[in-house]
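Q: following is a predicted model, sequence given first.
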Amino acid sequence: MCLKLWVNRNAWCPVIENVTETETALTFTQLVERLGGFTPQNIESWAFVKSPFTLSHWTMNVVEVLLIVGALWGLRHSIARFKAGESVYLGFWLASVLFMLALEIPVYFPEKLGAPDNALFFIHNEFSVQFFFGRAPLYILALYPAIMYAAFVLVRQAGLFDQRWGTLIGALGVGVVHHVFYEIFDHFGPQYGWWTWNYPNFTSSLASVPVSSMVGFAFVGPIALTLATQLFVPKSVVADKGHAEDASRRVRRFALGTLLAGLLTPVIFVLLTLDTWFSLLGIEMTPRSEMVASVAIVGTALLITLGQLLRLTTFSSRGLWAYSKAYLALFLGVFAGLWVYALPDYFSAVEGITSQGYPVGSLPYVLGCSGLAIFFLLRERR
């Protein structure tokens, strides 16, 4: 028997249901058949471009534009800060791209690392631009520098890094802020076939989203990236006037630090995951133990972050036009519209499956995240 957490949409509360797990893990080919919308010739290509008018659902076009714009907007902001002498921003943006490549590519090809083909965790549907033989849509490559970078900037500008234990407190804050915005996206995508999970490879799920994704990718990942960036990327590249050699040395230090941060983030990420800690402590990970540990860890980080924000910031809407808040407000507004559109299919779903055959996410969790997201957007440093 296996425990799975799902949401009773009539009672609006989490319910744990015992189900018998008879399904076995699937291969890439089987997941493609389940998801649909693929072109065989595209899967055989290292990279391809597909007409945006032929995607499986129009919502896929929306998320593509939203995240690619976010990544480019973040790059523009980070370059501006770099020119002003603050190198940590551009270092974080570039390290997030390296982290994405170092983490995502091995996940797409488990068989290349000696694992069986059915060790695959998920696959993406076909979007307008796709790389790595249909595995990686361009918008997913933009996801890391879009949301992670915006969360980092928001937390840094709130002052969480500028205190005792600032690196740790700030990293937890980035993890919490990223988790809140990311889960609004993560619980929406499966309902319209943006991707599909290989559920037998996960211990437990909240509605359609595996708990390990909610904690690992959405929470631990940005914490690992923030810690690596804080440790290795110099905060400033400003040198004394007239000392060109010193400036060149600082730029080299910045480039090396960024490279180390990006490549070591996956190592820190793996060390911080629940799987690693359960293994080190010799504890069997069951659905209930994973859920309890996840709630305890994310909940504690949330309380610490809220406490710091209440101490260091005040309620204000003045900063909403600044980059990070402006983009995250746009992100929240777009997904509010998408979720309103999705509600009829969501509420008509039978046992969590829509008439199109896709699983739904957890609306109560998304509403909770949306409330916290609004709180984060309306805090301004004292």
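A: Thanks, I have the structure now.

Q: skipping adjacent residues, who's closest to residue 38 in space?
A: Spatially, and ignoring its direct neighbours in sequence, residue 38 is nearest to residue 32 (5.0 Å; Cβ to Cβ, 6 or more residues apart in numbering). The C-beta positions use only the backbone N, C-alpha and C, and glycine is treated the same way.

Q: next, the buried residues of the helix or strand that contains the one you found.
A: Counting by DSSP states H and E, the element that carries residue 32 is helix 28-35. Going by neighbour count (16 or more other Cβ atoms under 10 Å), the buried part of helix 28-35 is 28, 30-32, 35.

Q: can I get that helix as PDB, trimmed to CA atoms?
A: This file holds the C-alpha atoms of helix 28-35, laid out as PDB (Å, rounded to 0.1, in the frame of the first residue of the first chain):
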ATOM      1  CA  PHE A  28      10.200   8.200 -22.300                       C
ATOM      2  CA  THR A  29       8.300   6.500 -25.200                       C
ATOM      3  CA  GLN A  30       5.400   5.600 -22.900                       C
ATOM      4  CA  LEU A  31       5.300   9.000 -21.400                       C
ATOM      5  CA  VAL A  32       5.200  10.600 -24.900                       C
ATOM      6  CA  GLU A  33       2.200   8.400 -25.700                       C
ATOM      7  CA  ARG A  34       0.500   9.400 -22.500                       C
ATOM      8  CA  LEU A  35       1.100  13.100 -23.100                       C
END
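
Q: just the residues contacting stretch 100-118, thanks.
A: 24-28, 119-121, 132, 135-136, 140-141, 143-145, 198, 201, 221, 262-263, 265-266, 269 (Cβ atoms under 8 Å, 6 or more residues apart in numbering).

Q: what separation do you get for residue 290 and residue 254?
A: 39 Å (Cβ to Cβ, to the nearest Å).

Q: wait, which of the buried residues of helix 28-35 is closest to residue 364?
A: Of all those, residue 35 has the smallest distance to residue 364: 26.0 Å, by Cβ to Cβ.

Q: and the closest one, how close does it get to residue 78?
A: According to Cβ to Cβ, residue 35 stands 34 Å off from residue 78.

Q: residue 63 reaches residue 186, doesn't it?
A: No: contact between residue 63 and residue 186 fails when scored by Cβ atoms under 8 Å: they sit 11.5 Å apart.

Q: next, residue 314: phi, psi?
A: Main-chain dihedrals, residue 314, degrees, to the nearest 10: phi -130, psi 160.

Q: cool, and residue 362?
A: Torsion angles, degrees, to the nearest 10, at residue 362: phi -100, psi 100.

Q: ok, it - how many residues close by?
A: 24 (other Cβ atoms under 10 Å).

Q: what ranges do the strands span in the chain?
A: 2-8, 13-19, 47-49, 122-124, 129-131, 136-137, 195-197, 205-206, 209-210, 313-315, 379-381 (DSSP state E).

Q: need the contact partners of the last one.
A: So that's strand 379-381. Against strand 379-381 from outside (Cβ under 8 Å, 6+ apart): 157-159, 309, 312-316, 318-319.

Q: looking at those, which is nearest residue 58?
A: For the contacts of strand 379-381, the nearest to residue 58 is residue 319 (32.5 Å; Cβ to Cβ).

Q: quick one, helices of this protein?
A: 28-35, 40-43, 58-83, 87-108, 138-143, 149-157, 166-186, 211-215, 221-232, 244-272, 274-280, 287-312, 323-348, 363-377 (DSSP state H).

Q: out of those, which comes closest to residue 357?
A: Using Cβ to Cβ, the nearest of these to residue 357 is helix 28-35, at 8.5 Å.

Q: now find how far off-centre the closest one is within its chain.
A: 23 Å (Cα atoms, centre = their mean, to the nearest Å).

Q: what is that helix packed up against?
A: strand 122-124, strand 195-197 (3 or more Cβ pairs under 8 Å, 6 or more residues apart in numbering; DSSP states H and E).

Q: what lies in contact with that helix?
A: 26, 38, 43, 117, 120, 122-123, 125, 193, 195-196, 198.

Q: I'd like the residues you listed laid out as CSV, including distance to residue 58 and pLDDT.
A: As requested, the contacts of helix 28-35 are exported to CSV (distance: Cβ to Cβ, whole Å; pLDDT from 0 to 100):
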residue, distance to residue 58, pLDDT
26, 27, 91
38, 18, 85
43, 23, 85
117, 32, 84
120, 27, 92
122, 22, 92
123, 21, 94
125, 13, 94
193, 12, 95
195, 16, 96
196, 19, 95
198, 26, 94
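
Q: just the buried ones out of these, please.
A: Buried among the contacts of helix 28-35 (16+ other Cβ under 10 Å): 26, 38, 43, 120, 122-123, 125, 193, 195-196, 198.

Q: tell me which of the residues you listed is nearest to residue 366?
A: residue 195 (16.9 Å).

Q: contact partners for the closest one?
A: Applying Cβ under 8 Å, 6+ apart, the residues near residue 195 are 35, 122-125, 189.

Q: how about a markdown table for these, with distance to residue 277 added?
A: What follows is these, written out as a markdown table (distance: Cβ to Cβ, whole Å):
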| residue | distance to residue 277 |
| --- | --- |
| 35 | 32 |
| 122 | 23 |
| 123 | 28 |
| 124 | 29 |
| 125 | 33 |
| 189 | 28 |
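
Q: pLDDT below threshold where in this protein?
A: Within the chain, the ranges that satisfy pLDDT under 70 run 1-23, 238-245.

Q: let's see it at 80
A: 1-23, 37, 237-247 (pLDDT under 80).
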